[in-house]
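Novice: based on what follows, work out the 3D shape:
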Amino acid sequence: MREYLFFILACLFFFQVKAQYQTVPCATTDYISWLETQQPGITSDINEAFFNAKRNSLIKYKNKKDTIYTIQVVFHVLYNNSSQNIDDQYIESQLDVLNACFRRTNADTVNTRAVFLPVAADAGIEFKLAEEDPDGNPTTGIIRKQTALQTFGTIPINLAAVDQVKLSPYGSPAWDTEQYLNIWICDLSSNGFDALLGYAYPPTNADNWNTNSFTTQNKQGVVVHYKVVGENNPFSLSTAEKTTVHEVGHYLGLRHVWGDGSRNQGCNVDDFMEDTPNSRAASNGCNKSQNTCIDNPGDLPDMLENYMDYSDGNCQNMFTAQQVDQMRANLKLFRSGIASVRYPEPLPEPVVFAEYGLHPNPVIEDLAVHLTDVDENASYTLEIFNILGQKVRNVMLQAQSLQHVSNLSDLHGYYVCSLQKNQEVLMTQKVIFNP
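Specialist: Sure thing, here's the model as predicted:
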């Protein structure tokens, strides 16, 4: 009987420890709650910034579609021992991952399910290591500092303790947060357990950014566990390099796709993006048959491909068009100082055969189709293929010399257009949509 009682107590202890040591992929929502205790009202400031960006993202500016934003980044590496002092190659690899995911050039975009291809979007946002520090001196964009703290992590998670990574004497103070995206890399484990993987500071329009009270400006940025930085990190969990993509999404104003509601709240909590399907809670793993919210009409499965979910990194491969609009609006409204603007290189003049043509190129809104020698009894179609050869549009055209094709705002990047008459190809042309 005594042995049996001991077994029961041991099992209870095991499950209690297991629950206590559950990994938290992202603590951004908890971080906002903690900030509220330090500066009451900051949550409403962050929410107001979100909805202000949401309102602005619905306004269609031409320069919103034909610019690329490049964000300069500084990495602060805080280490207590050599294992935590990760090599430059992993930081550079992480930058490559950020660029690929935000420009939708990552190889795993082929895994985006067909149902979500119409809303998958290139953010037009790129990242580069800072080349000058705030004083104008040359820099590699990587700062290394040894710290007396063995780890910044705690169990239970104490975000006040973690946030020391941004402050002296244990951490590395931020570079001007209105000029740089600061990313702190440190040990977030506790007792050898990887309890927290990262968190970020969303945009806020708080007015009281001053040095005389609790400040927010010097805390803006992203914090990530050193084990999730870069591809093939020897300490990393599988495909954990997507963690930083997720946190930068928060930094640029995105919410979790399930809206941070609890399972008890069901499908009534949203991320306010109309092109991300409702889901009951965070996803785990990569079960693509998962559909936790039934929305009618047009019911869709949970969007496990989205970087703002908790699904496995090898399942994540996309932002949606509305998420892209939200991030770009936030850059313009609240983080404009961290990004430079450039225009994509112009494409060659359209290749036109037999005087047929598609204009303009690039396409910002509508595509004009020009036909000559129109046969009123013929059937004209326009087929649009992505770079993987997948057909994304099949448009029935009118038998007339000039017409416009609309509803193309969900297409982003290079496509091949095939103009056909009675299923015979008249011309093919490379066209870029909504750069």
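Novice: the residue most central in space within the chain in helix, strand or coil?
Specialist: In the chain, the C-alpha nearest the mean C-alpha coordinate belongs to Gly249, at 3.8 Å (C-alpha atoms, centre = their mean). Assigned with DSSP: H, G, I helix; E, B strand; the rest coil, Gly249 falls in the helix class.
Novice: how near is it to Gly136?
Specialist: 31 Å (C-beta to C-beta, to the nearest Å). Yep, even glycine has a C-beta here, placed from its N, CA and C like the rest.
Novice: what does the pLDDT read for the residue nearest to the centre of the chain?
Specialist: On the pLDDT scale, Gly249 is placed at 97.
Novice: same question, the one 4 residues further on
Specialist: According to the predicted model, the pLDDT of Gly253 comes to 94.
Novice: what about the helices in this structure?
Specialist: 2-20, 28-38, 42-57, 62-65, 88-103, 159-162, 242-251, 321-333 (DSSP state H).
Novice: please identify the most buried of those.
Specialist: Burial of the helices of the chain is given as mean neighbour count (mean count of other C-beta atoms under 10 Å); helix 242-251 ranks first at a mean of 25.
Novice: tell me what it is packed against?
Specialist: helix 88-103, strand 181-186, strand 198-200, strand 222-225 (3 or more C-beta pairs under 8 Å, 6 or more residues apart in numbering; DSSP states H and E).
Novice: go with 6 Å
Specialist: For helix 242-251, the packing partners by 3 or more C-beta pairs under 6 Å, 6 or more residues apart in numbering; DSSP states H and E come out as strand 198-200, strand 222-225.
Novice: tell me the contacts of the residue nearest to the centre of the chain?
Specialist: Applying C-beta atoms under 6 Å, 6 or more residues apart in numbering to Gly249 gives the contacts 307-308.
Novice: ok, it to Gly124 distance?
Specialist: Computed with C-beta to C-beta, the distance linking Gly249 and Gly124 is 14 Å.
Novice: likewise for Lys227?
Specialist: Lys227 sits 30 Å away from Gly124, going by C-beta to C-beta.
Novice: higher neighbour count, those two?
Specialist: Between Lys227 and Gly124, counting by other C-beta atoms under 10 Å, Gly124 is the more crowded of the two (24 against 21).
Novice: what is the neighbour count of the nearest residue to the more buried one once chain neighbours are set aside?
Specialist: Leaving aside its chain neighbours, Gly124 sits nearest to Ile68 (5.1 Å; criterion: C-beta to C-beta, 6 or more residues apart in numbering). Using other C-beta under 10 Å, Ile68 has 17 other residues around it.
Novice: so Ile68 sits right up against Ala123, yeah?
Specialist: No - Ile68 is not in contact with Ala123 according to C-beta atoms under 6 Å; the separation is 9.5 Å.
Novice: surely Val229 and Tyr90 touch.
Specialist: Yes - counting by C-beta under 6 Å, Val229 touches Tyr90, with 5.2 Å between them.
Novice: hey, which strand is longest across this protein?
Specialist: When the chain is parsed with DSSP state E, its longest strand is strand 68-79.
Novice: now Leu35: closest residue in space, sequence neighbours ignored.
Specialist: In space, not counting the residues next to it along the chain, Leu35 is nearest to Ile42; the distance is 5.1 Å by C-beta to C-beta, 6+ apart.
Novice: distance of that neighbour relative to Asn205?
Specialist: Going from Ile42 to Asn205 by C-beta to C-beta gives 10 Å.
Novice: any idea how far Phe50 is from Pro203?
Specialist: According to C-beta to C-beta, Phe50 and Pro203 sit 8 Å apart.
Novice: can you report how many residues lie near Arg144?
Specialist: 15.
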